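> Here's a sequence, model it:
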Amino acid sequence: MSFNSIADDWDLDEGMILAENHHVNAPSNMVRETVQMSRLTNREAENSLHKQSDQNPRQGRNGRCRNLGSNGTSSQPCYDENDGEVNRSGISTRDASDNLNANMQPDVIHKKARQQKEMTFQDMYNNQDLFDDEDDDSDWEPAQERVEIKKWFCTNCTMVNLDDTIHCDICGEHKESGILRHGFFASPFSQDVGSAEVESEIKERHRDLGCPISTLNSSTAVGFDERMLLHSEVEMKSHPHPERPDRLRAISASLATAGIFPGRCYPISAREITQEELKKVHSLEHIEAVELTSHLLSSYFTPDTYANEHSACAARLAAGLCADLATAIFSGRAKNGFALVRPPGHHAGVRQAMGFCLHNNAAVAALAAQVAGAKKVLIVDWDVHHGNGTQEIFDQNKSVLYISLHRHEGGKFYPGTGAAHEVGTMGAEGYCVNIPWSRGGVGDNDYVFAFQHVVLPIASEFAPDLTIISAGFDAARGDPLGCCDVTPAGYAQMTQMLTALSGGKLLVILEGGYNLRSISSSATAVIKVLLGEIPECGLDILPSKAGVQTVLEVLQIQMNFWPTLGPRFSDLQSQWGTYCLKNKKKHIKKRRLAVAPLWWKWGRKSLLYHLLNGHLHVNQRGGD
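Residues are numbered from 1 along each chain as shown. The predicted model follows:
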């Protein structure tokens with residue numbers, strides 16, 4: 001994600017994290033403490049999104065800042081020695097309360113004593129209306145009130161806007177957009193009126209899809225459960241967290257409006273993954289750390305990877321749906337499927353949760369397919385971020401081929417891993433293929449070009465029994481974090497290319513994607529391909545110079561493990577000059593279209609000059 005652009009918004013206050021001897025494997029003690037302490041301390045997390053931290057603050061119902069990691073330790077509560085809670089300035093709430101009481105009339109203090117005993121100083125500040133005096137204060141001259149600037153957060157991209165702005169300054173979405181009701185079919189420029197006419201018009205527009213009412217004959221399964229919507233960040237920081245429940249709402253609204261799901265796809269029943277299944281992917285310490293969050297109101301594994309009391313259940317449901325979909329597809333009960341799940345998973349490694357991810361859904365699905373009988377599984381990860389967790393899990397496994405296309409920029413883009421020379425270890429060299437883009441703004445042409453020259457040749461030689469797509473849509477056009485330019489047509493084209501593998505046995509698992517309009521339109525385009533629709537072949541494949549350079553770099557490394565890539569590398573090298581010339585002509589043409597001709601500019605200015613200075617005279621005679 002465009003992690004650098006919002007890096008300063010998420011730095012954690014290091015002074016709030018103290019050490020405490022409390023073991024993660026003692027949930028009963030934690031529950032006891034939770035009952036005893038009912039206050040939740042307010043803590044600001046302002047660290048950059050997807051920036052790893054050496055400390056993992058966790059915040060529980062008992063008002064403690066916790067630090068839960070694989071070592072099973074947690075951090076000390078933020079209290080002073082006099083049992084007063086410490087605020088951000090270092091002043092205990094007991095001292096602060098004394099100062100507050102000193103400035104109040106005795107009768108007011110007596111009137112509000114009960115409320116003050118039950119609330120922290122920060123609570124009192126956030127609930128000032130509870131302390132409004134009902135007595136006559138006409139003889140008291142209040143200080144000048146601070147003017148509060150009203151603002152709103154865009155439903156589509158979460159960016160902040162001033163209250164008097166109707167359309168988002170970043171993405172242009174209307175302040176009261178209907179994207180959560182109709183998905184990307186809702187107009188971004190007008191308010192959602194919720195009229196029946198709008199819904200009927202949208203359905204009329206898609207009647208030609210010919211979708212059957214019955215789902216019995218459908219071959220595409222969709223995994224979804226509303227309980228995954230309960231996973232959310234408890235306390236909003238500077239703006240809403242990009243990995244939010246609205247992501248699933250927008251996609252499901254788009255599918256429902258188009259009559260795809262429910263309609264043309266059939267649902268599978270959801271179940272929670274078992275601990276035994278998770279232990280094939282993650283360490284026991286990691287599994288227990290995630291499970292522990294069910295006893296906490298709010299917690300953090302990293303500054304940007306949150307959990308609430310429902311997150312562990314949501315993560316188990318997501319992993320369980322992916323495992324069952326993979327089994328159903330491989331066994332032939334479904335031809336293909338789409339896992340509409342969250343939290344995402346491809347950053348979750350053997351021992352850590354990070355990058356919004358708790359359990360690695362794609363890894364769980366791959367191993368479930370192998371339990372069902374699949375010998376070789378291909379995972380193609382087109383999320384804009386490298387799936388470092390998936391790579392770690394299968395780094396030494398020759399039965400799972402992992403191919404990732406992602407922004408890398410020399411390790412400067414989150415998570416910093418995924419260079420072309422990372423190819424696998426311990427006899428599994430070549431079974432990890434990284435295609436690291438050197439810049440942002442990468443679009444359809446570069447992605448399809450990489451598919452043609454790297455992904456498909458290697459995947460075809462590998463001959464998988466099942467293909468899994470870690471489908472993050474944060475490389476989509478308009479995504480505020482990915483800042484790339486892949487369109488729904490590009491995602492549809494890549495999906496179509498992968499259907500030729502493994503007999504069409506294809507599972508698509510949702511990963512990232514944080515612009516609701518982009519993620520819902522892209523996901524819908526992908527599911528249409530799963531249903532058998534042929535995408536429009538309107539792409540003129542002309543890769544960028546940087547894209548060709550990346551593909552050549554990958555081919556030069558991977559042809560040591562996949563010899564059939566050698567001739568392809570030689571051909572591209574010989575065509576390097578041709579690609580450079582075509583790109584140069586393309587840029588010149590774009591520049592000419594963007595800049596008005598000199599004769600037009602000078603002619604217009606000359607005409608305006610003469611009109612303003614009265615140098616032009618209108619001929620009053622009618623006809624000469």
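> Now do the domain split for the chain, please.
Domains of the chain are assigned by the TED database as 149-180, 221-562.
> Kindly reformat the ones you listed as JSON lines containing mean neighbour count.
Bear in mind the C-beta positions are built from the backbone N, C-alpha and C, glycine included. Putting the domains of the chain into JSON lines (neighbours: other C-beta atoms under 10 Å) gives the following:
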{"stretch": "domain 149-180", "mean neighbour count": "17"}
{"stretch": "domain 221-562", "mean neighbour count": "22"}
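> I'd like those written out as JSON lines, with distance to Leu581 and mean pLDDT added.
Formatted as JSON lines, the domains of the chain follow (distance: least, C-beta to C-beta, whole Å; pLDDT from 0 to 100):
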{"stretch": "domain 149-180", "distance to Leu581": "36", "mean pLDDT": "94"}
{"stretch": "domain 221-562", "distance to Leu581": "10", "mean pLDDT": "97"}
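> With Gln191 as the reference, name the closest of these.
Nearest to Gln191, of all those, is domain 149-180, at 4.4 Å by C-beta to C-beta.
> Just the terminal-to-terminal distance for that closest one.
27 Å (C-alpha to C-alpha, to the nearest Å).
> in the stretch 251-400 of the chain, which spans are helices?
Taking DSSP state H, counting those that start in this stretch, the helices of the stretch 251-400 of the chain run over residues 275-278, 284-292, 311-331, 361-371, 388-393.
> could you redo the domains of the chain as TSV and give each row distance to Ser187?
TSV is the format used below for these (distance: least, C-beta to C-beta, whole Å):
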stretch	distance to Ser187
domain 149-180	7
domain 221-562	11
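> What helix or strand is Pro464 located in?
For Pro464, there is no helix or strand it lies in under DSSP states H and E.
> check contacts around the residue lying closest to it once chain neighbours are set aside.
Using C-beta to C-beta, 6 or more residues apart in numbering and skipping the chain neighbours, the partner closest in space to Pro464 is Leu378 (3.7 Å). Going by C-beta atoms under 8 Å, 6 or more residues apart in numbering, Leu378 touches Val400, Leu401, Ile403, Ala459, Phe462, Pro464, Leu466, Thr467, Ile468, Leu501, Ser502.
> Leu378 pairs with what?
Beta-bridge pairing of Leu378 under DSSP bridges involves Leu401, Thr467.
> Distance check, it against Tyr447.
17 Å (C-beta to C-beta, to the nearest Å).
> got it, and His231?
30 Å.
> Repeat that for Ser520.
Going from Ser520 to Tyr447 by C-beta to C-beta gives 20 Å.
> Likewise for Gly513?
Using C-beta to C-beta, Gly513 is found at 15 Å from Tyr447.
> In this structure Arg249 contacts Leu180, no?
Yes - the criterion here is C-beta atoms under 8 Å, and Arg249 meets it with Leu180 at 5.1 Å.
> Do I have it right that Ala366 meets Val400?
Yes - applying C-beta under 8 Å, one finds Ala366 in contact with Val400, separated by 5.4 Å.
> Quickly list what's touching both of those two.
Shared contacts of Ala366 and Val400 (C-beta under 8 Å, 6+ apart): Val377, Ile379, Phe394.
> would you list the residues you listed in TSV and tack on distance to Leu340?
Conversion of those to TSV gives the following (distance: C-beta to C-beta, whole Å):
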residue	distance to Leu340
Val377	21
Ile379	18
Phe394	24
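> Tell me the one among the residues you listed nearest to Asn388.
Among the shared contacts of Ala366 and Val400, and counting by C-beta to C-beta, the member closest to Asn388 is Phe394, at 11.6 Å.
> Could you pull up the residues touching the closest residue in space to that closest one that isn't next to it in sequence?
Nearest residue to Phe394, sequence neighbours excluded (C-beta to C-beta, 6+ apart): Val400, at 4.3 Å. Val400 sits next to Ala366, Lys376, Val377, Leu378, Ile379, Phe394, Tyr431 when contact means C-beta under 8 Å, 6+ apart.
> and the gap between Ser566 and Pro343?
Not Ser; residue 566 is Gly. Distance, Gly566 to Pro343, by C-beta to C-beta: 41 Å.
> Ok, Arg146 next?
38 Å.
> Ok, Tyr447 next?
When distance is defined by C-beta to C-beta, Tyr447 is 25 Å away from Pro343.
> So for Leu501, what's the nearest residue that isn't a sequence neighbour?
The shortest distance from Leu501 to any non-neighbouring residue, by C-beta to C-beta, 6+ apart, is to Thr467 (5.0 Å).
> Surely the one you found and Gly503 touch.
No - using C-beta under 8 Å, Thr467 makes no contact with Gly503, being 9.5 Å away.
> follow-up on the earlier one: mind giving me TSV with the helices of the stretch 251-400 of the chain and columns for distance to Ala525?
TSV is the format used below for these (distance: least, C-beta to C-beta, whole Å):
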stretch	distance to Ala525
helix 275-278	32
helix 284-292	33
helix 311-331	19
helix 361-371	20
helix 388-393	24
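> between these, which gets nearest to Gly223?
helix 311-331 (3.5 Å).
> And that closest one, what does it pack against?
strand 220-223, helix 275-278, helix 284-292, strand 336-339, helix 361-371, strand 466-471, strand 506-510 (3 or more C-beta pairs under 8 Å, 6 or more residues apart in numbering; DSSP states H and E).
> relative to helix 361-371, how tilted is it?
With axes from the mean of the first three to the mean of the last three C-alpha atoms, to 10 degrees applied, the angle from helix 311-331 to helix 361-371 works out at 40 degrees.
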